[in-house]
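> fold the following, please.
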Amino acid sequence: MKQYSIRQHVAWLTLTPLLFMAVSLETYFLQDRFFELDRYLVERGQLIARQLAIGSEYGVFSDNREFLQNLAQGVLQQEDVEGVLILDAQSGVLVVSGKFFGMEEHNADNPNFPVMDANRMAYARIDKIKESVSLQEPLYRNDKGVRIYIPVVSTQLLLDDLSVTSPPRQLGAVIVEMSNARTGQQKSQMLLLTVGSTLLFLIFPLCLIYLASRNIVLPIHKLSDAVKALGNGQLDTRVSVANHVSELVTLAGGINDMAEKLQQENAILQRNVDDAVRIAAIAFESHEGMMITDPALMIIRVNKAFTRISGYTEEDAVGQTPHQLLSSGQHDDDFYAAMWDSIEATGLWQGEIVNRRKSGETYPAWVNITAVTREDGNVAFYVATYADITVRKAAENEIKNLAFNDELTQLPNRRMLIDRLNNTMAISKRSRRYSALMFIDLDNFKPLNDQYGHEIGDLLLMEVAQRLLNCVREVDTVARFGGDEFVVMLSELDIDKQASILQAGIVAEKIRAILAEPYLLPISKEGKISTTVKHHCSSSIGVQLFIGHEYSAEEVLNHADLAMYRAKRDGRNLVRFHDSQ
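Down below sits the predicted model:
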């Protein structure tokens, strides 16, 4: 929780009501002025629109668009006027000039606009403007401005009888767009001026608060220094203050009493140190890495075996927690919560943890943690033993890698491919999407082996593996079956079979073309590259499409293999799909 000084508390208690009053008055004033500015913009827009309606009566009546255009341009010269629209009696557009807010949003919201012609775009925009205002609702506003509708009313005399005047009738309408940009600037300037005045008003009481609190703050600093000295182990520290504030005098007496109690408790702590020495004498006889912590998990002792394993000396470790010192970041909070649940319930825990050495290197360790308790049942220490199992884990990983990966290319082998193929079938059944398996055989690999040896052949196989990986997605699988045979499995294609065949065919043709490109293979003698062999090696590819468990894994592989042999029979460097017929 954030702490505040006495000066800050006094300042808050004094300034809060002042600030509340200032903000209330400021808000009332600004709301009144903002309302006046908005009303002035509307009234001015209505006046301009009425003048335009009166001036455009002749042009609307005679359909003189050039005259109306000149009127509109003249209106646009006035401040805050953004757009002018003059309509006839049937709401047809006579003149449109300037800009209207909302037109950009209309284009962005309608995905058909990019393919419409210019006329349709213009009509759609103008229709939105006409719909926003009418004779019944002549005013429309938003945060960008005000739109005003004024009818153009006829006052002409009937030509066949000059003694009789015709009743007023609506010849059309004008729509004037007023921008509130200038009004917004005026509001911003007024807001800045008001805020500045308020800040100046608050500076004076702040100065008074500073002077008044100085007599209190200085003695408190003296008391604070005394508490810090006690915290640093100077238990003979005493403090006194010459001040008329009774609370400060009482606080000084409390600090002195606390110092005396700390001296008494120091003797009790000495007993705990003796306990630590006794436990350490037993723990440090072990050849395993050992660590001892207090009940708060602060490290108080480590042995030489711990230093040898982790790289941290006793000076590095003491005063740290095991998590601060050794955490590799590879275990989440749930892991540690389960570990401490076991320690609290049974007093013991053992398991594998990935720790971090001083060099930053991570390593697997087998850890045993024991809670050492006193006679009263409270925990006195925690003792942990560490065994570095890096070699054992490396051996396990090597065995696993040999079991599931090709030793040369590090691609999945047949066993792992079969496992992934079964998983893909299960996923395909749920998603109802097709998958495809490609059986790939290199067409011109044996002559390279015969001429240059297996070492150069291995270089080509590794290059083929890399090219295949570059042709597929991360969710797909590339495997090596042995020799010059590879398998590519495409997952999650399409729910439509023909579309999936097309997708698989595209990838297969891409693979065929990539594998047919020349291979530049370096020949080394005595560790130095002496020459480079340029070799052309095409491929024959057989493809089997599958969904769910329509076929077994072995059947899918056999069908793809048959399709590959058909590609070889048809001339090689080809892609063939297996025909289930």
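> kindly report the domain assignment for this protein.
Residue ranges for the domains of the chain, per automatic domain parsing: 8-185, 233-282, 284-393, 405-577.
> can you give me the strands for the stretch 201-350 of the chain?
Along the stretch 201-350 of the chain, the segments classed as strands by DSSP state E, counting those that start in this stretch run 289-293, 299-302, 348-356.
> got the contact list for the shortest one?
It refers to strand 299-302. If you take C-beta atoms under 8 Å, 6 or more residues apart in numbering as the criterion, strand 299-302 is touched by 276, 280, 283-284, 289-294, 312, 314, 317-322, 325, 381. (C-beta placed from N, C-alpha, C; glycine too.)
> likewise for the first one?
Residues from elsewhere that reach strand 289-293 (C-beta under 8 Å, 6+ apart): 276, 279-280, 283-284, 299-303, 305-306, 308-310, 317, 321-322, 365, 381-388.
> quick one: neighbours of the closest residue to residue 101 other than its chain neighbours, just the number.
Nearest-residue entry for residue 101: residue 144, 4.0 Å, with adjacent residues in sequence omitted and distances by C-beta to C-beta, 6 or more residues apart in numbering. By the measure other C-beta atoms under 10 Å, the count of residues near residue 144 is 16.
> ok, now the one 3 residues further on?
The tally of other residues near residue 147 (other C-beta under 10 Å) stands at 25.
> is it true that it lies in a strand?
Yes: applying DSSP: H, G, I helix; E, B strand; the rest coil, one finds residue 147 inside a strand.
> separation between it and residue 451?
According to C-beta to C-beta, to the nearest Å, residue 147 and residue 451 sit 84 Å apart.
> where does residue 500 sit, in terms of helix or strand?
helix 497-516 (DSSP states H and E).
> so what secondary structure elements neighbour that helix?
For helix 497-516, the elements it packs on are strand 435-442, helix 454-471, strand 485-490, strand 539-546, strand 575-577, judged by 3 or more C-beta pairs under 8 Å, 6 or more residues apart in numbering; DSSP states H and E.
> could you list the buried residues of it?
500-501, 503-505, 507-508, 511-512, 515 (16 or more other C-beta atoms under 10 Å).
> ditto for stretch 368-379
Buried residues in stretch 368-379 (16+ other C-beta under 10 Å): 369-371, 379.
> and which of the residues you listed is nearest residue 443?
residue 369 (61.0 Å; C-beta to C-beta).
> three-state assignment of the closest one?
Strictly by three-state DSSP, residue 369 counts as strand.
> contacts only, for it.
So residue 369 contacts 339, 343, 348-350, 382-384 (C-beta under 8 Å, 6+ apart).
> 7 Å instead, please
343, 349, 382, 384 (C-beta atoms under 7 Å, 6 or more residues apart in numbering).
> sketch out the low-pLDDT regions of the stretch 1-150 of the chain for me.
Within the stretch 1-150 of the chain, the stretches with pLDDT under 70 are 1-11, 102-123.
> break down it into its strands, ranges please.
81-88, 93-98, 139-142, 145-154.
> and the ones you listed as a markdown table, adding distance to residue 413?
A markdown table is the format used below for the strands of the stretch 1-150 of the chain (distance: least, C-beta to C-beta, whole Å):
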| stretch | distance to residue 413 |
| --- | --- |
| strand 81-88 | 72 |
| strand 93-98 | 73 |
| strand 139-142 | 67 |
| strand 145-154 | 71 |
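> nearest to residue 236 among these would be which one?
Comparing the strands of the stretch 1-150 of the chain by C-beta to C-beta, strand 139-142 comes nearest, at 74.2 Å.
> okay, now the spatially closest residue to residue 292 that is not a sequence neighbour: neighbour count?
Nearest non-adjacent residue to residue 292, counting by C-beta to C-beta, 6+ apart: residue 301, 4.3 Å away. Using other C-beta under 10 Å, residue 301 is surrounded by 20 other residues.
> where do the helices of the stretch 51-200 of the chain begin and end?
57-62, 65-76, 103-109, 118-132, 181-231 (DSSP state H, counting those that start in this stretch).
> which one of those helices lies nearest to residue 30?
Among the helices of the stretch 51-200 of the chain, helix 181-231 sits nearest to residue 30 (C-beta to C-beta), with 6.2 Å.
> tell me which other helices or strands that closest one touches.
helix 6-55, helix 246-283 (3 or more C-beta pairs under 7 Å, 6 or more residues apart in numbering; DSSP states H and E).
> out of the ones you listed, deepest packed?
Mean neighbour count, computed with mean count of other C-beta atoms under 10 Å, is highest for helix 6-55 among those, reaching a mean of 14.
> what helices or strands is it leaning on?
Checking 3+ C-beta pairs under 7 Å, 6+ apart, helix 6-55 ends up next to helix 65-76, strand 145-154, strand 169-179, helix 181-231.
> CSV for those, including distance to residue 460?
Listed next are the helices and strands packed on helix 6-55 as CSV, based on distance: least, C-beta to C-beta, whole Å:
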stretch, distance to residue 460
helix 65-76, 75
strand 145-154, 72
strand 169-179, 71
helix 181-231, 70
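> sweet, I'm off.
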